[in-house]
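[1] Have a look at this prediction, sequence included:
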Amino acid sequence: MPVTAFPDEWLAQSIEGLTPERLLELRGKSESGRTLWDCVVAEKIATDAQIIEKLCQRFRLKVADPSKIDLTARDGVPEQLARRYHVLPLRLTDSFLELGTANPFDLDAEKALAFATAREIRLFLLAPSKISEKLDEMYRAEKAIDKLLEGMGDQEVLTTLTDAPPEELNISEADASQKPVVRLVDMIISEGILSRASDIHVEPEEGGVAVRYRIDGVLRQVMKIPRQAGLPLISRIKIMSSLDIADRLRPQDGRARVAVNGQPIDLRVSTLPAQLGEKVVIRILDSRATVKSLDTLGLNPGEAEAIKRLLENHEGIMLVTGPTGSGKTTTLYSAINQIKSEGVNIVTVEDPVEYRMQGIVQVQVQEKAGLTFAAALRSILRQDPNVVLVGEIRDKETAQIAVQASLTGHLVLSTLHTNDAANAVTRLVDIGVESYKIAASLRGVVAQRLMRKLCLTCKEVWMEAPPERLRRWIPKGTPLYRAAGCPDCAMTGYRGRFSILEILTMTPELERLIAAGEAADRIAEAAQRGGMKSLWESGLAHVTRGESTLDELTRVVDIPAEAEAPQRPAPKTVGVPLEPAAPVSTIFDLLEESAPPARRSGAHGQPASKVLLVDDEDSLRNVMRDLLERDGYIVTEARDGVQALDQVDRVGPDIIVLDLNLPGLDGYGVLSHLRSRPATANIPVIVLTAKGDEDNEVRVFELGADDFLTKPFRARALSARLEAVLGRRR
C-alpha cells in the first residue's frame, strides 16, 4: 500500500528533530487525512505552542486569538465548509473574513471560502486541536444543553406532521419540575441578569425553542433548545410566575421574584399563544438598582439644566414620552431624586414599582383588587402630597384626575407613549382631555430615546466619509468613530446607553396654540423657535463628541426630512443620456463634476479601445458607460465576477475597470484568475472600490492591478487614468 504524504508536509522543515526517517515513519503510522501537525503533537515531538512559535518566526504569520471570536462570523461561514477546510471563523465584516487555520498555505481553501462568502480572506495561525474545540462550541452549542437534559429520557420520534401536535404541547407540572428543566431555567435567567439583559425572550420555532436576550436595547440570540426541553421550560417559567400552565390559548401576565448572588430581582412575565407554542417574555426589574441623578444620565450640556428648571414648578404637569424601553421611568426617578427632601411629600403610583427609593411613598397598582391608576390617584390626593408620580397615563379617567391635581397645586410627573414632544398634546386630546385644560396645566414635555454608547476598549476612528445625505450634519474635520467589537462588549462594539432628549418648555405662544387646538407640527415649529432641539440634534451632538456612531443614531432616530434634499445643484451633463430608472442623486454622489467634452476618436489617435466595466451598481455602470462612449471607447459591461470572466473570453477587452465588492466571485478572485492565465495576464486592470483603506490598496497591487481608484471619483480622473494605463501598455 503506497504511503501518502501529509496535506501539510511543508511543516516538516520548521520542526526541530523531525528527520526524513522519522517523517517516513509518521507517514506509515498515520491514518488517511490526518495532518502532520496532529501527528507531531500526538508523538510528543513538539507542542502546539512550539510549532506556532517556529512558524511565526519563519513565516511572520499572525496568531489567532480564539477568545475574541465574533459570533456573527458563524452565520457567514457554513459549518460544512468550516469543517471541510478545518478553519475557525473569527471576524466578519462587509469586506473581509478573518479565519483561524493550521494550514495558512492551503490556496484551495482560501479560494473556496472567498468565493462562498464574497469577501477577502485573512488567515491567522491556530492549532488544529483548538480549531476543533472552538468549532464544536460555535456550531454545536446545544451540546451544553444536552448535558442538562440527561435523565429526561428519550421521546418517540413523531412521523406524522401536523400544525400543532396536541400531545407535544401537553406538558404536565411534573414534566416542568424535572431537575434538568429547573436547572436550565435557572441558567437562562441568571445568565440574562448577569449579561445586563433587560428582557429575555423564549420563542418556539420550527425544530426548537430560541432564547434571546435584549442587551442595550438590541435582541441577541444566545441559544436554541430542542423542543423536548423547550416546551417544559416554558411551563416551568409559568409555574414560577403563578400562571395557569393548562391554559395555553389565552395571554397571561405574572410576576416572580428571584435572587442572583444574593441580590433580589423582580421578574415580570408575559405569555402569548403563537403558532408553534407559547412565546414568553421575561422583563427583568432590579428593584434595588441605584437611582441615578440627572447629571449622570449622560445628557448634553444644557439638557439637565432644562429639566431642573421644569422641576422648579410647584404645580402643573411634566410628561416624559417615548416608546416602551426608552428609559422614561429612569428619567422620572432621576427627577424625583433631584427634588426629594425632608420637606417635600412625594407619592408614586406605578405598575410595577421598578425602583425602590428611600424617603418617598410608592404604591403598587393591583388591578384585581380594584386599585387602578385612577383609584390610587384619587386616594393619593387626600394624602396631602406635594409631588405625585403617575407611572403612566393610560386612559381618560387617569388623565383627567392628573390634570385636575395639577390645577389644584400639585406637581404631577408622568409618562406617555408618543413619538415626540409635540404629539404629547395630541395624545392627551385623543384620550379626552380638553385643550384649554392642557394649555393651563402642562409645564413641559421631555421626549426621550436611548442610544448605545461605544465601547471604550475597542472603539476605532472611522476612516470612511459619511454617506452624502448625512454630510450636511457633520462639521468638516470632525472625527467619527465606529464600533469594532471586543470581549468586553460581547463583540458588539457598544457597552451601556445614554439618553437623547427633546425638551419642550411651555411659553405663552405655545399655550395659545394648544388652547386653540393647533396641530402637532405647528406646536413643534413654535417650540423650535423657542429653542427646542430635536432628538436628531441631541443624538448628533453625542456622535460628534465620539460617544456613539452614525449607524446607531440612524437606528434610533429618523433622519429629518430636510436632510434628504441635495446640498448643491446637480452637475450639468453635456448630452449624457441617463437611464430613466437610475436615480439622479445616486449617480451624482459618485461623479462629482461635469463630463468632459465629447471625443470621437480613440485615445492618442489609436483605434477605439475596448473597455470592460465590472460593477454591480447599475446606475454607476450606466453613467460610466455613457462617459466612456463619449470619449470614443467601446464599452462592454458585467454585473458580477463570473460574468466578467465570461466577457473577457468573449470580447477580449483592452482594459478592465473592476469593482472589488461583487456578488459571487469578488474582484480579488477575478483579478487572481486574470493574472493566473497566460491569455489574460497582460490585460490592464483599474480597480474601483469604496473601500479605500491601505490594506485593500496593497493587496490589489500585489495581485497585479495597474491602478486603484476610490469612490466617489471624478469623471475626468477616470478618463485620465484609462489613457495613462493604456499609454503605458502601448
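    Yep, that arrived. Residues are numbered from 1 along each chain as shown.
[2] any idea which helix or strand comes after the lowest-mean-pLDDT helix or strand in the chain?
    The helix or strand of the chain with the poorest confidence is helix 584-590; it has a mean of 37 (mean pLDDT, DSSP states H and E). The C-terminal neighbour of helix 584-590 among helices and strands, as given by DSSP states H and E, is strand 610-614.
[3] what's the following helix or strand after that following strand?
    Scanning forward in sequence from strand 610-614 by DSSP H and E, the next helix or strand is helix 618-630.
[4] elements contacting the helix or strand following that following helix?
    Next in sequence after helix 618-630, counting helices and strands by DSSP H and E, comes strand 634-638. Secondary structure elements in contact with strand 634-638, counted by 3 or more CB pairs under 8 Å, 6 or more residues apart in numbering; DSSP states H and E, are strand 610-614, helix 618-630, helix 641-651. C-betas here are computed from N, CA, C, even on glycine.
[5] Please enumerate residues in contact with the shortest one?
    By that I understand strand 610-614. 621, 624-625, 628, 633-641, 644, 647-648, 651-659, 662, 667, 670, 722 (CB atoms under 8 Å, 6 or more residues apart in numbering).
[6] Which strands border that strand, and is each parallel or antiparallel?
    Strand 610-614 pairs in its sheet with strand 634-638 (parallel), strand 655-659 (parallel), by DSSP bridges.
[7] ok, and for it, which residues are buried?
    610-614 (16 or more other CB atoms under 10 Å).
[8] for the longest one, same thing?
    Using 16+ other CB under 10 Å as the burial criterion, the residues of helix 618-630 that qualify are 619-628, 630.
[9] got those residues as TSV, with pLDDT and distance to Ile307 columns?
    Output for these, formatted as TSV (pLDDT from 0 to 100; distance: CB to CB, whole Å):
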residue	pLDDT	distance to Ile307
Ser619	76	47
Leu620	79	48
Arg621	82	53
Asn622	81	53
Val623	80	51
Met624	82	53
Arg625	84	57
Asp626	81	56
Leu627	81	55
Leu628	84	59
Arg630	81	60
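[10] show me what contacts Gln252?
    238, 243-244, 270-271.
[11] what are the ranges of the strands in the stretch 401-550 of the chain?
    Secondary structure of the stretch 401-550 of the chain (DSSP state E, counting those that start in this stretch): strands at 411-416, 442-454, 460-461, 481-482, 494-505.
[12] Let me have the helices and strands packed on strand 634-638 in JSON lines, adding distance to Thr19 as columns.
    Shown next, in JSON lines, are these (distance: least, CB to CB, whole Å):
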{"stretch": "strand 610-614", "distance to Thr19": "51"}
{"stretch": "helix 618-630", "distance to Thr19": "59"}
{"stretch": "helix 641-651", "distance to Thr19": "46"}
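[13] out of the ones you listed, which comes closest to Gly100?
    When the helices and strands packed on strand 634-638 are compared for distance to Gly100 using CB to CB, the nearest one is helix 641-651, at 26.1 Å.
[14] Give me the angle between the closest one and strand 655-659.
    An angle of 170 degrees separates the directions of helix 641-651 and strand 655-659 when computed by axes from the mean of the first three to the mean of the last three CA atoms, to 10 degrees.
[15] start the count at 23, not 1, going forward
    Let's use 23 as the start, then, which means that last one is helix 663-673.
[16] The stretch 123-272 of the chain: helices as residue ranges?
    Assigned by DSSP state H, counting those that start in this stretch, the helices in the stretch 123-272 of the chain fall at 129-139, 150-161, 164-170, 188-191, 195-198, 201-216, 249-262.
[17] wait, which of these is closest to Leu271?
    For those, the distance to Leu271 is smallest for helix 188-191, at 10.4 Å, taking CB to CB.
[18] Quick check: buried residues in stretch 366-378?
    When neighbours are counted by 16+ other CB under 10 Å, the buried residues of stretch 366-378 are found to be 368-373, 375-377.
[19] Out of these, list just those in strands.
    Among the buried residues of stretch 366-378, the residues falling in strands (DSSP state E) are 368-372.
[20] quick one: terminal-to-terminal distance for stretch 511-530?
    Distance between the two ends of stretch 511-530: 47 Å, counting by CA to CA, to the nearest Å.
[21] what residue ranges in the stretch 623-752 of the chain score low on pLDDT?
    Counting by pLDDT under 70, the low-confidence segments of the stretch 623-752 of the chain come to 623-629, 713-714, 735-737, 751-752.
[22] List buried residues within the contacts of strand 632-636.
    Judged by neighbour count, with 16+ other CB under 10 Å as the criterion, the buried members of the contacts of strand 632-636 are 643, 646-647, 650, 655-663, 666, 669-670, 675-681, 684, 689, 692, 744.
[23] can you put the buried residues of helix 640-652 in TSV and add distance to Trp32?
    Output for the buried residues of helix 640-652, formatted as TSV (distance: CB to CB, whole Å):
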residue	distance to Trp32
Ser641	47
Leu642	43
Arg643	43
Asn644	48
Val645	48
Met646	44
Arg647	46
Asp648	51
Leu649	48
Leu650	46
Arg652	53
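[24] what about the closest residue to Ala538 other than its chain neighbours, neighbour count?
    In space, and not counting its chain neighbours, Ala538 is closest to Ser457: 7.4 Å by CB to CB, 6 or more residues apart in numbering. For Ser457, the number of neighbouring residues by other CB atoms under 10 Å comes to 16.
[25] Can you give me the distance of Ser457 to Ala444?
    Using CB to CB, to the nearest Å, we find Ser457 at a distance of 14 Å from Ala444.
[26] Which residues belonging to the helix or strand containing Glu745 are considered buried?
    According to DSSP H and E, Glu745 maps onto helix 737-751. With burial defined by 16+ other CB under 10 Å, the residues of helix 737-751 counted as buried are 737, 740-741, 743-745, 747-748.
[27] starting at the chain centroid, how far to it?
    Remark: helix 737-751 is offset 41 Å from the chain centroid, using CA atoms, centre = their mean, to the nearest Å.
[28] now do stretch 647-666
    If you compare the mean C-alpha spot of stretch 647-666 with that of the full chain, they lie 36 Å apart, counting by CA atoms, centre = their mean.
[29] circling back: rebuild the strands paired with strand 632-636 as JSON lines, extending it with distance to Val468.
    Conversion of those to JSON lines gives the following (distance: least, CB to CB, whole Å):
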{"stretch": "strand 656-660", "distance to Val468": "54"}
{"stretch": "strand 677-681", "distance to Val468": "47"}
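[30] where in the stretch 23-172 of the chain is pLDDT low?
    Looking along the stretch 23-172 of the chain with the criterion set at pLDDT under 70, you get 23-26, 52-55, 162-172.
[31] so where do the strands sit in it?
    Using DSSP E, counting those that start in this stretch, the strands of the stretch 23-172 of the chain run over residues 109-114, 118-123, 142-147.
[32] ok, residues contacting the first one?
    Outside of strand 109-114, the residues within contact range by CB under 8 Å, 6+ apart are 86-88, 90-92, 94-99, 104, 119-123, 131, 135, 139, 141, 146, 148, 152-153, 156-157, 160, 507.
[33] Go again with 7 Å.
    Counting contacts by CB atoms under 7 Å, 6 or more residues apart in numbering, the residues outside strand 109-114 that touch it are 86, 88, 91-92, 94-96, 98-99, 104, 119-123, 131, 146, 148, 153, 156-157.
[34] One more: the second one?
    Strand 118-123 has contacts (CB under 7 Å, 6+ apart) with 86, 88, 95, 98, 109-113, 135, 139, 141-146, 148, 153.
[35] cool, and stretch 323-332?
    For stretch 323-332, with CB under 7 Å, 6+ apart as the criterion, the contacting residues are 316-317, 340, 357, 360, 465-466, 468, 523, 525, 527.
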